[in-house]
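*Asks:* got a structure for you, letters missing:
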Ligand code: NAD
Ligand code: IPM
Ligand code: MN
């Protein structure tokens, strides 16, 4: 089969991790007889530098016209002083909204080989820890009205958190459907003791839960959830939450896997189209040094094979190759224990490729 994929390498370590992941995808294509056609387009700081805008129209067109989008990472100190709508990060929001990708799946899985890389005690993480954060991605404070106004205390700035029942209902359904294929547990995380939008969130999730009598639903305030994630992560199966809480809790959950360099993501909407990107950012502190862990991006492509293309065997093949490479002791700096040999991005790619 032939597949059309838009590729956005982005800024910082984005191009390094994306390149490594595409080489893995090509090897999988060769093995199973698929051809992946890539159209590389610009978004983020690099697009601003060339076109004066982080999300050029051409990029949006190519992404709309593709079956899937692969994205490395965007952003960096070079562009930090631009106005909000011209910052590299605005490209991400534009892509998510423009492609209707309201559901962001961020699975935090601790591979056996990385138990030592996880900072939590072995008796706390236990065996086979597997949490899936389902983050709402096109609503909430990321997309509410924002602005500045003059007040008698000087300038003041505001960002509005707004959720509609429709937005909450559709993300809740994604979470419950996901839970049905897992341990049938959903933890909805909100701040319903303070926020009106969270109270609507909670009521709406409760309503959706009636359609899933087999799934156990619980609610937790976000501050408690942040604490419980490190106190007893095993109590969680699927976590469903708002755009901003999901952003924060998924970075926290990434440490369960050993490193943010391990956490993949899929952003999905109503159809099969999806955007696939690592959860981490452009890591300016290590960019251009060959130090970045490419596994989060490689695992994101495994999610692409599964969710957009329905290629289950091929997706599993990538996951197994990653596990085998880790079992063999291959480590980038972020997941290496003291004294352990550290691989470059390319060496890690080669280590995974060997097991395909
Ligand atoms: P970051 O995720 O880029 O980096 C945080 C820390 O994790 C850094 O120490 C970094 O070196 C390390 N790290 C991240 N990815 C790694 C990898 N693959 N291998 C090894 N180490 C890795 O977060 P930040 O520093 O807060 O943000 C940097 C820039 O990235 C900002 O401009 C931010 O807006 C942007 N950002 C973009 C995305 C995205 O494109 N999806 C996501 C998050 C942050
Ligand atoms: C992420 C990132 C983005 C977000 C930023 C860069 C816009 O942190 O994908 O987690 O907050 O969604
Ligand atoms: Mn984030």
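*Replies:* That came through fine. Values in this document were obtained by computation on a predicted structure and should not be read as measured data. Ligands and ions are numbered 1, 2, ... in the order given.

*Asks:* Give me the residue ranges of this protein where confidence is low.
*Replies:* Counting by pLDDT under 70, the chain shows no low-confidence range.

*Asks:* and whichever residue of it sits closest to ligand 2, what does it touch?
*Replies:* When scored by C-beta to the nearest ligand atom, the chain has residue 89 as its residue closest to ligand 2, at 3.9 Å. In this view, the C-beta of every residue, glycine as well, is placed from N, C-alpha and C. Contact partners of residue 89, counting by C-beta atoms under 8 Å, 6 or more residues apart in numbering, are 54, 74, 75.

*Asks:* can you do 10 Å?
*Replies:* 44, 45, 54, 74, 75, 79, 80, 82, 142, 281, 282 (C-beta atoms under 10 Å, 6 or more residues apart in numbering).

*Asks:* So which of those residues are in helices?
*Replies:* The members of these that map onto helices under DSSP state H are residue 45.

*Asks:* Would you check which of the contacts of residue 89 are in contact with ligand 1?
*Replies:* 74, 75, 281, 282 (C-beta under 6 Å from any ligand atom).

*Asks:* Let's see if you can find the most crowded of those residues.
*Replies:* Each of the ones next to ligand 1 among the contacts of residue 89 was scored for neighbours by other C-beta atoms under 10 Å, and residue 74 scores highest at 30 neighbours.

*Asks:* Might one say that it is in contact with residue 90?
*Replies:* Yes - using C-beta atoms under 10 Å, residue 74 is in contact with residue 90, at 9.1 Å.

*Asks:* what do these two both touch?
*Replies:* Counting by C-beta under 10 Å, 6+ apart, the residues touching both residue 74 and residue 90 are 43, 44, 48, 54, 55.

*Asks:* Give me the neighbour count for residue 322.
*Replies:* Counted with other C-beta under 10 Å, the neighbours of residue 322 add up to 25.

*Asks:* starting at the chain centroid, how far to the strand or helix carrying it?
*Replies:* Here residue 322, judged by DSSP states H and E, is contained in helix 312-327. Relative to the centre of its chain, helix 312-327 is centred 19 Å away, using C-alpha atoms, centre = their mean, to the nearest Å.

*Asks:* Tell me the bridge partners for the residue sitting nearest the centre point of the chain.
*Replies:* Of all residues in the chain, the one closest to the mean position by C-alpha atoms, centre = their mean is residue 265, 3.1 Å from it. For residue 265, the beta-bridge partners under DSSP bridges are residue 277.

*Asks:* wait, doesn't it sit right on residue 276?
*Replies:* Yes - look at residue 265 against residue 276 with C-beta under 10 Å: they come within range, at 7.1 Å.

*Asks:* shared neighbours of those two, which are they?
*Replies:* Taking C-beta under 10 Å, 6+ apart as the contact rule, residue 265 and residue 276 both touch 71, 297, 299, 300, 303.

*Asks:* of those residues, list those near ligand 1.
*Replies:* Filtering the shared contacts of residue 265 and residue 276 for neighbours of ligand 1 using C-beta under 6 Å from any ligand atom leaves an empty set.

*Asks:* Just the closest of the residues you listed to residue 337, please.
*Replies:* residue 299 (21.0 Å; C-beta to C-beta).

*Asks:* any idea which helix or strand carries the closest one?
*Replies:* With DSSP H and E as the test, residue 299 turns up in helix 295-307.

*Asks:* can you tell if that helix touches ligand 2?
*Replies:* No - Helix 295-307 stays clear of ligand 2 (C-beta under 6 Å from any ligand atom), getting no nearer than 11.4 Å.

*Asks:* Number the chain from 249, please
*Replies:* Sure, I'll start numbering at 249, so the last one becomes helix 543-555.

*Asks:* Where does the stretch 299-448 of the chain get nearest to ligand 1, residue-wise?
*Replies:* residue 323 (2.5 Å).

*Asks:* Ignore what I typed, I meant the stretch 399-548 of the chain.
*Replies:* For the stretch 399-548 of the chain, C-beta to the nearest ligand atom, closest residue to ligand 1: residue 529, 2.3 Å.

*Asks:* Helices of the stretch 349-498 of the chain, start to end?
*Replies:* Counting by DSSP state H, counting those that start in this stretch, the stretch 349-498 of the chain has helices at residues 370-373, 413-428, 444-457, 470-479, 491-502.
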